[in-house]
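A.B. asks: Here is the input, now give the coordinates:
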Amino acid sequence: MHTLKAGDKAPSFSLTDSEQKTHILQSYCNQWLVLFFYPKDDTPRCTVEACQFKKNYADILAMNVRLLGINTDKLDSHHRFISKFQLPFPLLSDHQGEISKLYGSLFKLGPVKFCKRHSFIIDPNGKIAKIYRKVDPKNHSQQIITDLKVLQFL
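C.D. replies: Residues are numbered from 1 along each chain as shown. Below is the predicted model:
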């Protein structure tokens, strides 16, 4: 069950990236933020999605938008994934799944847990502007850019 909706305050988070830097929601006040949750580093569909974000990253930054990937993999997995594909944006580890659960993006089956492929656009006031629960990895980054162009001018 997904309880978050557009207009809600984004759940706060404090997660570490592969460079040991901690990212907290409050650090992104006064700018747009895209959080993309994805199941697993270096798997075919997740690689397509990450590489499409890489391809469009300059356009995303030019819109004064920050991009963060999140899943339950450990930091060393993120580091290898970033290095292998030269990803220019941080990947955060939510190894316990606590933040993913807050966003309605955690899938858990017994001891196995991973993130669902969901994304969130968070506005400069910390509110959720758009939620994507059905994501096509091939065109999602372009969809985000198109929607941001509309949202930033509302």
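A.B. asks: where's the residue sitting nearest the centre point of the chain, which helix or strand?
C.D. replies: Geometric centre of the chain, nearest residue: residue 36, 2.0 Å, by Cα atoms, centre = their mean. Following DSSP states H and E, one finds residue 36 within strand 32-37.
A.B. asks: Just checking: what are the partner strands of that strand?
C.D. replies: Strand 32-37 pairs in its sheet with strand 65-71 (parallel), strand 118-122 (antiparallel), by DSSP bridges.
A.B. asks: For this protein, give me the ranges with low pLDDT.
C.D. replies: For the chain, applying pLDDT under 70 flags the ranges 1-2.
A.B. asks: So which residues of the chain form helices?
C.D. replies: Ranges of helices in the chain, per DSSP state H, are 44-55, 57-62, 75-85, 98-102, 140-151.
A.B. asks: And for the second one, what's in contact with it?
C.D. replies: Think helix 57-62. 34, 53, 67, 88-89, 141, 144-145, 148 (Cβ atoms under 8 Å, 6 or more residues apart in numbering). For the C-beta atoms, the positions are set from N, CA and C on the backbone; glycine is no exception.
A.B. asks: Show me the one of the strands paired with strand 32-37 that comes nearest residue 25.
C.D. replies: strand 118-122 (7.6 Å; Cβ to Cβ).
A.B. asks: Other residues contacting that closest one?
C.D. replies: 4, 10, 25, 28, 32-37, 103-105, 128-133, 135, 140, 144, 147-148, 151.
A.B. asks: Now, of those residues, which are buried?
C.D. replies: 4, 10, 25, 28, 32-37, 103-105, 128-132, 135, 140, 144, 147-148, 151 (16 or more other Cβ atoms under 10 Å).
A.B. asks: Reformat the strands paired with strand 32-37 as TSV; add mean neighbour count.
C.D. replies: Formatted as TSV, those follow (neighbours: other Cβ atoms under 10 Å):
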stretch	mean neighbour count
strand 65-71	23
strand 118-122	24
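A.B. asks: Save these as a markdown table, and put in distance to residue 111 too.
C.D. replies: As requested, the strands paired with strand 32-37 are exported to a markdown table (distance: least, Cβ to Cβ, whole Å):
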| stretch | distance to residue 111 |
| --- | --- |
| strand 65-71 | 16 |
| strand 118-122 | 22 |
